[in-house]
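In: got a sequence here, can you model it:
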Amino acid sequence: MDDKFNTAAGWVLFAGIVALGSSIASDMYFHADRPESPEEPGYFIDAPEEGAGEDAGPDLGTLLASADAAAGEKVFAKCTACHTINQGGANGIGPNLYGVMGTAIGAHAPGFAYSSALADHGGQWTWENMNEWLKSPRAFASGTKMSFAGLSSPEDRANVMEYLAANGGAPAKPAPAAPEIPEEGEAVDGAAEGPGAIAGGDTGSVQAAGSMGDDQPVPSEQTATTNDGTMKAGE
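Out: Numbers count the residues shown, from 1 in each chain. Next comes the predicted model:
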């Protein structure tokens, strides 16, 4: 009995030694006791920079030149949960917006508690500033209380500003950008570079006519015909 017990215990001890040795060898091989960080942790995805590849589209002046107040009123329906726009209208979650264009930023509606982000912003509600505000209120004034994400469409922003201008007026609009004028000598699409050869035309006679010059003999005396048909030199 003792011999069997000793034998079994020996095998158990041997198995434990083998397992321990294997663990130590594995740690040494895989550097488990000294974990190494990869040279570049994680993996990276190449992405274009913000705004890259976006079509700039027409400039603000061009957009405003064709802006539609009626279309802007439909877009402004998204804003009526917080704003009124009628003259003398009450402030709501947001200030009344009648006549807001051209006024000082963060000071238009008396009695409304503007956030410091707007109250301390400075400047006026120009077309340019209003365009940036409608595009992204948080980007225009970080810390604003306005939770609206903004209007991504330039046409929608132009139409809303036209609607605001129709309710209380606005300063003069920015002029549309002037079209680019090609530099001197630069070819313009569709412009002819000058007359060319006429297909199928015979230029021999034209060249022959052009080659006539002062070297051609010119008779110095006129000739006349007599009654008998003979030629007589001019006298």
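In: what's the longest helix along the chain packed up against?
Out: Counting by DSSP state H, the longest helix found in the chain is helix 2-30. With contacts taken as 3 or more Cβ pairs under 8 Å, 6 or more residues apart in numbering; DSSP states H and E, helix 2-30 sits against no other helix or strand. The way it works is simple: take the backbone N, C-alpha and C, and place the C-beta from them, glycine included.
In: as a whole number, average confidence for it?
Out: Average pLDDT, helix 2-30: 72.
In: and the next element down the chain from that helix?
Out: For helix 2-30, the succeeding helix or strand toward the C-terminus, using DSSP states H and E, is helix 60-65.
In: against which helices or strands is that following helix packed?
Out: helix 127-135, helix 154-166.
In: so what touches the shortest one?
Out: Contact with helix 127-135 is made by 60, 64, 101, 105, 123, 125, 139-141, 150-152, 154, 157-158, 160-161, 164, 170-171, 173-174, as judged by Cβ atoms under 8 Å, 6 or more residues apart in numbering.
In: any of those residues buried? List them.
Out: 60, 64, 101, 105, 125, 140-141, 151, 154, 157-158, 160-161, 164, 170, 173-174 (16 or more other Cβ atoms under 10 Å).
In: show me where pLDDT drops low in the protein?
Out: 1-2, 25-56, 183-235 (pLDDT under 70).
In: tally of neighbours for residue 118?
Out: 21 (other Cβ atoms under 10 Å).
In: and for residue 179?
Out: 5.
In: give me the distance between it and residue 59.
Out: As judged by Cβ to Cβ, to the nearest Å, residue 179 and residue 59 stand 11 Å apart.
In: do the same with residue 180
Out: Noted for residue 180: a distance of 12 Å to residue 59, by Cβ to Cβ.
In: for the two, indicate the residue with more neighbours.
Out: Higher neighbour count among residue 180 and residue 59: residue 59, with 15 against 6, using other Cβ under 10 Å.
In: nearest residue to that one in space, please, no chain neighbours.
Out: residue 177 (4.3 Å; Cβ to Cβ, 6 or more residues apart in numbering).
In: out of the helices and strands packed on helix 60-65, which is closest to residue 15?
Out: When these are compared by Cβ to Cβ, helix 127-135 sits nearest residue 15, at 71.7 Å.
In: in the sheet, who's paired with residue 124?
Out: On the basis of DSSP bridges, residue 124 is bridged to residue 104.
In: could you report the neighbour count for it?
Out: With other Cβ under 10 Å as criterion, residue 124 counts 14.
In: so how far is residue 105 from it?
Out: Applying Cβ to Cβ to residue 124 and residue 105 gives a distance of 6 Å.
In: how about residue 169?
Out: For residue 169, the distance to residue 105 - Cβ to Cβ - is 17 Å.
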